[in-house]
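**Q** here is my input; please provide its structure:
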Amino acid sequence: MHGQMDQQRLLQPGRQRAALDRYAGDELVKPLRSYEQAYKRHRQVADQLAELTERARERAQEADLLRFGLQEVEQADPRPGEETELREEGERLSHADSLRSAAETAHGALLGDPMSGEGEMQDAVTLVGRA
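**A** From the prediction side, this is the model:
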């Protein structure tokens, strides 16, 4: 029994191969199964090799990055206690704007401008207190 478009199936490579395998008969079944198993194993090993190669490449990149970081640390030549000093300096510098503003206020007060403030005369004690 045939359908109208049965011959169209033969355009598909998988269908062609299956038709040829059926035509070859039973003597081809055993070598074909052996080949299929070998090919399947080959694909598994090839996939595993690709994965291992990718992991090795990633490890090599990570090792290069770590070597570069180590080289940077060695060039910086850190000394004991330097981290604490840097942390304290960073804390102090983080308040630089408020320190600058306070210094400007103190400078203005020490200049002795009696009219700086709320529009009233300020005595020396008040100006020094503001400074």
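**Q** extract the residue ranges of the chain that are flagged as low pLDDT.
**A** 1-3, 112-122, 124, 127, 130-131 (pLDDT under 70).
**Q** that one: helices as residue ranges?
**A** 13-24, 29-76, 82-94, 96-111, 124-130 (DSSP state H).
**Q** tell me which of the ones you listed sits nearest to Q4.
**A** helix 13-24 (16.3 Å; C-beta to C-beta). Yep, even glycine has a C-beta here, placed from its N, CA and C like the rest.
**Q** so what touches stretch 11-23?
**A** Under the criterion C-beta atoms under 8 Å, 6 or more residues apart in numbering, residues R9, L10, L28, L32 lie in contact with stretch 11-23.
**Q** switch to 6 Å and redo it
**A** With contact meaning C-beta atoms under 6 Å, 6 or more residues apart in numbering, stretch 11-23 is reached by R9, L10.
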